[in-house]
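>>> Coordinates only, no sequence provided:
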C-alpha cells in the first residue's frame with residue numbers, strides 16, 4: 001500500500017492568503033515544512049520565489065504546488081478549496097534548473113546566490129554601466145554601455161526579461177536569454193540566446209565611477225566588480241501544475257499576447 005505523501009502549507013502574509021490558509025487547514029491535514037514530501041504555497045509569484053529560495057538555502061528540496069492569491073500568478077495554479085487531493089494526484093511536474101551567480105565585489109567580498117528567474121546587473125547611479133561580456137571564456141562584447149543586462153531562464157523569460165524586450169524561451173529548451181537593458185553601445189545589439197551550459201562572465205569596467213549592482217531574483221549585491229553566471233544542475237526544482245494550465249502552455253501562450 002502506497003503511503004500518503006506528507007504535505008506542508010505555507011502562505012504569504014497578505015490577508016487573502018492568510019484567509020485561504022485557514023480554510024485549507026480546516027479541511028485538510030498538513031505537517032511542518034521540514035517533515036513534508038510536498039509544499040503547497042499560497043500567494044503570488046514573489047512568494048513562490050521566496051519559498052523556492054528557502055528550500056535552496058535549506059538544502060531540502062521537495063515539489064511545490066502554488067495557488068494564486070497574488071497579482072499575476074504566472075508560476076501558480078488557480079486558487080480553489082475543493083478537490084485539492086485530486087488536483088495534486090493529477091498535477092504535472094516540471095523540472096527547473098536555477099541559475100547561480102558568483103559575485104566579486106570592489107571590496108573583495110564574494111557571494112554565491114541562486115536565481116530561479118534571472119540574474120540582472122543594474123547601474124547604481126545616473127551614469128550608464130560599462131561592462132565587458134565573456135561567453136565561455138571568450139570576450140564577445142569588449143564594452144557594453146547600458147543601464148544593465150540580464151540572464152534569464154526559460155521559467156523567467158516572461159518576467160523582467162520580456163519587459164526588457166528579451167525572447168520568450170520554451171520550457172525544456174535548454175537555453176538562456178542574455179538581454180541588455182536600455183543598451184547605448186553597441187547600438188544595434190539586442191541580446192543573444194545561448195545554450196544553458198554556457199558560462200557567462202560580466203566584468204565591470206569602471207566599478208568606482210560607474211558602480212553596478214547584481215540581483216539574483218530578489219537578492220541584491222552592490223558595488224560589484226565581476227559576476228559569473230551559469231546553470232546550477234546540482235539543485236533542480238520541481239513545480240507542480242494542473243494539467244489544464246501547465247507552465248509550458250503559459251509560456252507558449254505569452255508569445256501571442258498583443
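Arrived safely, thanks for sending. Computed from a prediction, not measured in an experiment: that's the story for all the values here.
>>> Just list whatever residues bridge to residue 77.
residue 67 (DSSP bridges).
>>> To what extent is it buried, counted in neighbours?
22 (other CB atoms under 10 Å). In short, each C-beta sits where N, CA and C put it, glycine included.
>>> residues in contact with it?
Contact analysis of residue 77 by CB atoms under 8 Å, 6 or more residues apart in numbering lists 65, 66, 67, 68, 87, 240, 241, 242, 245.
>>> What about the third one, how many residues nearby?
The burial count assigned to residue 67 is 24, neighbours taken as other CB under 10 Å.
>>> Please apply the same query to the first one.
Residue 65 is flanked by 21 other residues according to other CB under 10 Å.
>>> and what of the fifth one?
Other residues near residue 87 come to 18 when the count uses other CB under 10 Å.
>>> Is it part of a helix or strand, or is it coil?
What DSSP: H, G, I helix; E, B strand; the rest coil gives for residue 87 is helix.
>>> before we move on, back to that, dump the contacts of residue 77 into a markdown table; add pLDDT and distance to residue 226 as well.
Formatted as a markdown table, the contacts of residue 77 follow (pLDDT from 0 to 100; distance: CB to CB, whole Å):
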| residue | pLDDT | distance to residue 226 |
| --- | --- | --- |
| 65 | 96 | 38 |
| 66 | 95 | 35 |
| 67 | 96 | 40 |
| 68 | 94 | 38 |
| 87 | 93 | 45 |
| 240 | 93 | 37 |
| 241 | 92 | 37 |
| 242 | 92 | 42 |
| 245 | 73 | 41 |
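>>> Strands along the stretch 51-200 of the chain, start to end?
Ranges of strands in the stretch 51-200 of the chain, per DSSP state E, counting those that start in this stretch, are 64-68, 92-96, 99-105, 110-115, 118-123, 129-135, 138-152, 175-185, 192-195, 200-204.
>>> re the thing from before, could you point out which of the contacts of residue 77 is nearest to residue 210?
residue 66 (38.6 Å; CB to CB).
>>> What residue, apart from its backbone neighbours, is nearest the closest one spatially?
Nearest residue to residue 66, sequence neighbours excluded (CB to CB, 6 or more residues apart in numbering): residue 76, at 3.9 Å.
>>> before we move on, back to that, going by mean pLDDT, which of the strands of the stretch 51-200 of the chain comes out lowest?
Among those, strand 92-96 carries the lowest mean pLDDT, a mean of 88.
>>> could you dump the strands of the stretch 51-200 of the chain to CSV with distance to residue 32?
Below are those laid out as CSV (distance: least, CB to CB, whole Å):
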stretch, distance to residue 32
strand 64-68, 15
strand 92-96, 23
strand 99-105, 28
strand 110-115, 23
strand 118-123, 31
strand 129-135, 44
strand 138-152, 34
strand 175-185, 35
strand 192-195, 40
strand 200-204, 38
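>>> These: which one's closest to residue 163?
Judging the strands of the stretch 51-200 of the chain by CB to CB, what sits closest to residue 163 is strand 175-185, at 9.2 Å.
>>> which helices and strands does that closest one pack with?
Other elements packing on strand 175-185 under the criterion 3 or more CB pairs under 8 Å, 6 or more residues apart in numbering; DSSP states H and E are strand 138-152, strand 192-195.
>>> what would these look like in TSV with distance to residue 174?
Output for these, formatted as TSV (distance: least, CB to CB, whole Å):
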stretch	distance to residue 174
strand 138-152	14
strand 192-195	6
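>>> ok, residue 161 to residue 34 distance?
Residue 161 is 34 Å from residue 34, where distance means CB to CB, to the nearest Å.
>>> typo on my end, it should be residue 238
From residue 238 to residue 34 the distance is 18 Å (CB to CB).
>>> Low-confidence ranges, this structure, go.
1-3, 258 (pLDDT under 70).
>>> out of the strands of the stretch 51-200 of the chain, nearest to residue 8?
Set against residue 8 and scored by CB to CB, the strands of the stretch 51-200 of the chain come closest in strand 64-68, at 9.5 Å.
>>> ok, residues contacting the closest one?
With contact meaning CB under 8 Å, 6+ apart, strand 64-68 is reached by 20, 38-44, 48, 51-52, 55, 73, 75-80, 87-88, 91, 237-241.
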